Each structure stands twice: as C-alpha cells, then as structure tokens.
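Enquirer: I need the structure of the sequence given here:
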Amino acid sequence: MSSRSEEAVLIALRGIVGEPHVLTEPDMVAGYLRDWTGRWSGHGAAVVRPGSVEEVQEVVRICHGSGVAVVPQGGNTGLVGGSVPHHGEVVLSLRRLDRLEPIDTASRSVTAGAGATIGALQEHARRGGLRYGVDLASRDSATIGGTIATNAGGTHVVSNGDTRRQVMGLEVVLANGTRLSGLEGMPKISLGPDPLQLVIGSEGTLGVITAARLRLLPGEAAAPLVILLAVKTLGEGLEFLGPDVRAIEFFDRACLEAVIEHRGLPRPLPVESPFYVLIESGDIPRLPEDAVAVVDPRLWAYRESITETISALGVPVKLDVALPLDRVDDFAAAVHDLALEGDTYLYGHLAEGNFHVNVVGSRDPEAVVDRVLELVVDLGGVIASEHGVGVAKADWWRRTTEPSILDFQRHVKAALDPDRILNPAVFWGE
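Expert: Here you go, the predicted structure:
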C-alpha cells in the first residue's frame with residue numbers, strides 16, 4: 001500500500017473512532033507489536049481502538065475495502081505470536097469493549113464485551129454470588145475475546161471444562177463488516193449448525209469477537225483447600241484425581257527453585273523432589289502414609305509465579321503441548337534426555353496431560369521447537385493444547401493435521417474471509 005493510500009485509510013479510521021484512538025507513533029504502538037514472551041514482534045500500519053461493535057464494523061469495512069489486513073488483539077497475553085502484526089497489518093485492539101452487563105441470575109449467565117478481562121468478569125460474578133469457570137494467572141490482562149479466540153484452558157479445566165464449555169453465544173464481526181449476533185443466552189437452541197462455534201479457537205482468522213454470552217457457575221459455600229505434594233513421578237499425582245478436585249497442577253524442581261529465588265518465597269516443603277503437584281479440592285484427598293505435603297491457600301503463588309519468573313530469566317522458547325495421560329512421565333523423561341541447549345522448565349495442567357515446556361538460553365529456538373514437537377508427535381500427543389497455533393506452530397499444524405480436516409478449514413476460511421484480511425499470518429503462515 002502506498003503512503004498516499006495508507007494516509008487515506010488512516011484519515012477514514014480516525015473519522016470512525018476519533019483521532020486519539022488511531023495510534024501511529026512508535027512509542028504509542030510499541031506495546032501492541034510485541035507479544036508477552038518478547039519472542040514475537042512485527043510492524044503494523046496503526047493501532048485502532050474502537051469503542052463499540054458498530055465502530056468495529058466500520059473499521060473492518062474500511063480495511064476490507066482498502067485491502068488492508070487486520071490483526072484482532074485483546075490483552076496481548078498470547079505466547080505463540082498470533083496476536084501481533086507481522087507484515088504491516090492494522091492492529092484492531094478490542095480493549096475498549098469492556099462492558100459487563102447485569103448478571104442474569106435465572107439462566108446463570110452474563111454478557112461480556114470482548115475487552116473485559118477475566119479478572120474483571122470473575123469479580124463481577126462474585127458480586128452476584130456466582131463464579132466464572134475459567135481461571136489463569138494472567139487473569140488481570142487476558143481478555144474474554146482473546147481467551148475465546150484461543151479456547152483457553154487454565155487451571156480449572158478438570159472441573160469446569162475449557163472456554164468453549166462456558167460460551168453460550170457470541171457476537172462476531174466478519175471480514176466484510178457483517179455482524180453476526182447470538183447473545184440471547186438461551187440454555188439450548190437447535191436451529192441447525194451454529195456458525196459462531198467455528199469462531200471459538202480460530203485465533204481471529206474467521207471473525208472479530210466483540211462480545212460473548214457466558215455461562216456462570218454457582219458460588220462456593222467454602223473456600224477450597226490447596227495442597228502441595230512432593231512426588232517422584234507425575235503418574236503419582238494423577239492418582240489424586242477425584243470428584244472434589246477442581247485443579248491439579250504440576251511443576252518440576254527447576255521451576256520451584258527459580259520461583260523461590262525470583263520471588264523470595266520460603267521453601268514450601270522440607271524435601272527436594274523431581275516434581276511437585278498442587279491440588280485444589282473441596283476436601284483433602286487420600287494421601288499415602290509417607291506423603292510429604294502441606295495445606296495452605298497461599299501455595300498458588302508458587303504455581304502462578306512460574307511464567308513471570310521464567311520471563312525474567314530471558315526470552316524463553318515456550319511450547320504448550322498435550323500428551324496422553326499414560327505417557328506423561330515418558331515425555332518428561334524424554335525432554336530432559338534431549339539435553340536441549342539452555343535451561344529447561346516443565347509445568348502445566350496435569351489432569352489434561354498439558355505441558356508447558358520452557359527453554360531459556362537457546363541460540364536456536366526453531367531447533368528446540370522441532371525437537372520437542374517431534375517428541376510430542378512420536379508419543380501420540382498434540383502440538384497445541386491451550387495457547388493456540390499462532391505463527392509459532394503454523395508449519396507443524398499443517399504437517400500434523402489430517403489432510404481432510406485441513407481442506408475443510410481452508411474452505412471455511414475461504415467462505416468467511418476470501419480476501420484473507422483477518423490475521424493472515426496465523427495457521428496459513430501468509
């Protein structure tokens with residue numbers, strides 16, 4: 001796009017959202033161009049911050065008519081390069097769409113703007129005597145729209161399911177500016193295929209999520225117990241799964257030592273162990289007689305500080321993968337046998353076999369990605385569990401996805417975004 005046509009687009013966008021909400025100065029746009037890991041960054045034509053769904057529609061129409069690609073962005077807490085521009089796209093920031101509607105207590109649901117944070121929604125639900133089923137450490141930055149676009153999991157998937165399970169309806173703007181809305185909040189609808197369900201997990205490639213109707217859960221009568229155990233194998237931790245368990249997390253010794261040093265936290269257990277399992281439960285699970293464990297709600301600080309701690313050590317290579325539950329120990333052992341360049345840290349959501357593999361200090365990130373993902377595939381796992389594909393795993397996604405499914409997804413993309421203006425670098429790598 002020529003400088004003259006780019007300026008014409010910017011003038012049109014300022015006319016829609018107001019001059020203060022079209023950012024072009026380098027110091028103003030810098031935070032929108034680099035993802036949370038610091039590994040993925042690019043350049044964008046501008047950052048546009050609409051304040052309503054109608055403004056989103058007009059912005060998308062202008063960009064579509066001008067052939068300008070758009071990257072929808074929420075809290076920019078993504079880890080796979082899917083929420084930042086790579087080839088001069090316009091960043092469409094949804095953060096101003098943060099309205100939380102009054103809670104519908106009859107249906108136990110609420111309509112939330114795409115820019116509302118998970119933390120704000122949780123607090124809103126608590127004030128109504130209810131709770132939202134998705135929780136993650138980045139709750140005060142991660143947005144509703146972003147977590148739906150990646151079908152985020154978080155710490156309570158074992159009891160509440162992933163984000164898809166919480167979505168009752170969506171409002172979405174398509175690539176041509178058309179608005180699709182399904183925010184009625186009906187508990188059950190049978191009116192044929194639901195096109196809005198395709199948008200969940202599509203990482204901004206099929207439509208721009210502007211609002212969602214979300215299911216809420218009953219509030220808890222009492223705070224759950226939090227238990228930390230030292231275990232020799234991850235399989236030992238899986239034995240504690242039960243009906244009262246809301247979360248079951250794990251981290252290795254390297255993670256614990258790094259968090260203790262970075263945060264200045266006390267050592268939680270009197271022994272060193274290859275792994276530690278953190279359980280949130282309505283009751284203390286049956287533990288073996290020789291178990292080394294402690295019960296304290298403050299133990300979540302050790303698990304939730306890991307991502308921040310690792311990032312403080314350097315720019316990490318971050319991989320989010322899932323393994324069959326009977327292969328989790330095989331994978332953990334094999335990762336260490338790879339002897340990857342740099343320091344390796346393993347943690348994640350044990351009940352789903354979800355590993356977050358982090359390597360700090362590697363001079364060849366792509367080699368790390370290839371070696372770890374080859375191992376995942378060899379053990380029957382999947383290359384992305386809850387953070388999405390983004391640009392980091394686009395090639396591996398194409399290589400490991402059933403050809404017929406790839407063909408179907410290409411047809412869906414072509415039908416909804418034939419000109420490929422929505423997040424073109426994601427999945428298809430363009």
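
Enquirer: all contacts plus neighbour counts: C-alpha atoms, from now on.
Expert: Will do.

Enquirer: got the phi and psi for the nearest residue to residue 48 once chain neighbours are set aside?
Expert: Once its chain neighbours are removed from consideration, residue 48 has its nearest residue in residue 22; the separation is 4.6 Å (C-alpha to C-alpha, 6 or more residues apart in numbering). Dihedral angles of residue 22 (phi, psi; degrees, to the nearest 10) stand at phi -120, psi 110.

Enquirer: can you tell me which residues contact residue 22?
Expert: Residue 22 sits next to 10, 13, 14, 46, 47, 48, 49 when contact means C-alpha atoms under 8 Å, 6 or more residues apart in numbering.

Enquirer: same list (the residues you listed) but as CSV, adding neighbour count.
Expert: Converted to CSV, the contacts of residue 22 look like this (neighbours: other C-alpha atoms under 10 Å):
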residue, neighbour count
10, 22
13, 24
14, 19
46, 26
47, 25
48, 28
49, 25
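
Enquirer: sort out for me which of the residues you listed are in helices.
Expert: With helices taken from DSSP state H, the overlap with the contacts of residue 22 comprises 10, 13, 14.

Enquirer: can I get the residues you listed in TSV including pLDDT and distance to residue 146?
Expert: Output for the ones in helices among the contacts of residue 22, formatted as TSV (pLDDT from 0 to 100; distance: C-alpha to C-alpha, whole Å):
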residue	pLDDT	distance to residue 146
10	94	25
13	96	23
14	97	24
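
Enquirer: which one of the residues you listed is nearest residue 233?
Expert: Looking at the ones in helices among the contacts of residue 22 and their distance to residue 233, the nearest is residue 13, at 55.6 Å (C-alpha to C-alpha).

Enquirer: before we move on, the earlier item: from the contacts of residue 22, which single one is nearest residue 86?
Expert: residue 46 (12.4 Å).

Enquirer: how much space between residue 416 and residue 44?
Expert: Using C-alpha to C-alpha, to the nearest Å, one gets 23 Å for the distance from residue 416 to residue 44.

Enquirer: biggest strand in this protein by residues?
Expert: Here the longest strand in the chain is taken by residue count, with DSSP state E as the criterion, and it is strand 208-218.

Enquirer: now that one: buried residues?
Expert: By neighbour count on 16 or more other C-alpha atoms under 10 Å, the buried set for strand 208-218 is 208, 209, 210, 211, 212, 213, 214, 215, 216, 217.

Enquirer: send me it as PDB with only the CA atoms.
Expert: Listed in PDB are the C-alpha atoms of strand 208-218, where the atom choice follows Å, rounded to 0.1, in the frame of the first residue of the first chain:
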ATOM      1  CA  VAL A 208     -13.600 -10.500  15.200                       C
ATOM      2  CA  ILE A 209     -15.200 -11.400  18.500                       C
ATOM      3  CA  THR A 210     -16.800  -8.300  20.100                       C
ATOM      4  CA  ALA A 211     -19.000  -9.800  22.900                       C
ATOM      5  CA  ALA A 212     -19.900 -13.200  24.400                       C
ATOM      6  CA  ARG A 213     -22.700 -14.600  26.500                       C
ATOM      7  CA  LEU A 214     -21.000 -16.700  29.100                       C
ATOM      8  CA  ARG A 215     -22.200 -19.400  31.500                       C
ATOM      9  CA  LEU A 216     -21.600 -18.900  35.200                       C
ATOM     10  CA  LEU A 217     -21.300 -21.400  37.900                       C
ATOM     11  CA  PRO A 218     -22.800 -21.500  41.500                       C
END
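
Enquirer: what is the subsequent helix or strand relative to that strand?
Expert: Sequence order places strand 225-231 as the next helix or strand after strand 208-218, per DSSP states H and E.
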